[in-house]
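Chemist: here are the coordinates; sequence isn't available:
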Ligand SMILES: Nc1ncnc2c1ncn2[C@@H]1O[C@H](COP(=O)(O)OP(=O)(O)O)[C@@H](O)[C@H]1O
Ligand SMILES: [Mg+2]
């Protein structure tokens, strides 16, 4: 497990770490509302040189950036709904898949399906700083 405490100015440090160690699989982002999950996806997409706008996929099932980064938010839909729609197959597609609000049940499910998974837990330390705990299984 790797830990970072970073402000927006140096968020690239954790973006670089995730992007360099992990190119294929699912990144589960956990943390309260407004902890910085979408912002981290934005930083990683920018780090990869993809010039597309990253927004929260709150009301859609998936956002895709440059056809190799995929972004989901399961808070509104729920895990069962996602799986019923065939998400597991989608997650096997080559590329980076970011899932906001994934939980331990999803981590187990992905590992059972032999899909690479890492988790990033984000905690608000102050208005200007967040703590990122990166765990590769
Ligand atoms: N490392 C950071 N340091 C300071 N502020 C941050 C950091 N990461 C995100 N934020 C701020 O936190 C707020 C919520 O971020 P957002 O990514 O929308 O959260 P979430 O997707 O978890 O709900 C935004 O105003 C964003 O600029
Ligand atoms: Mg978000």
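Modeler: Perfect, thanks for sending it. The structure displayed is predicted, hence computed values, not measured ones. Ligands and ions are numbered 1, 2, ... in the order given.

Chemist: next, count neighbours for the residue nearest to residue 88 when sequence neighbours are not counted.
Modeler: Of all residues not flanking residue 88 in the chain, residue 113 sits nearest, at 6.0 Å (C-beta to C-beta, 6 or more residues apart in numbering). Just so you know, the C-beta spots here come from the backbone N, C-alpha and C atoms, and that holds for glycine as well. By other C-beta atoms under 10 Å, 13 other residues sit near residue 113.

Chemist: over to the one 5 residues further on?
Modeler: Neighbours of residue 118 under the rule other C-beta under 10 Å: 17.

Chemist: can you tell me the SS state at it?
Modeler: strand (DSSP: H, G, I helix; E, B strand; the rest coil).

Chemist: beta partners of it?
Modeler: Note on residue 118: beta-bridge partners residue 27, residue 136, judged by DSSP bridges.

Chemist: unless I'm mixing things up, it is touching residue 24, no?
Modeler: No - between residue 118 and residue 24 there is no contact under C-beta atoms under 8 Å: 11.0 Å.

Chemist: closest point of the chain to ligand 2, which residue?
Modeler: Ligand 2 sits closest to residue 38 of the chain, with a gap of 3.4 Å, by C-beta to the ion.

Chemist: in contact with the nearest residue to that residue once chain neighbours are set aside, which residues?
Modeler: Spatial nearest neighbour of residue 38, chain neighbours left out: residue 56 (4.7 Å); criterion: C-beta to C-beta, 6+ apart. Residues in contact with residue 56 (C-beta atoms under 8 Å, 6 or more residues apart in numbering) are 38, 73, 100.

Chemist: would you mind giving the secondary structure of residue 56?
Modeler: Classification of residue 56 using three-state DSSP returns coil.

Chemist: for it, give me the pLDDT.
Modeler: At residue 56, the model reports a pLDDT of 93.

Chemist: got it, and residue 10?
Modeler: Looking at residue 10, its pLDDT is 97.
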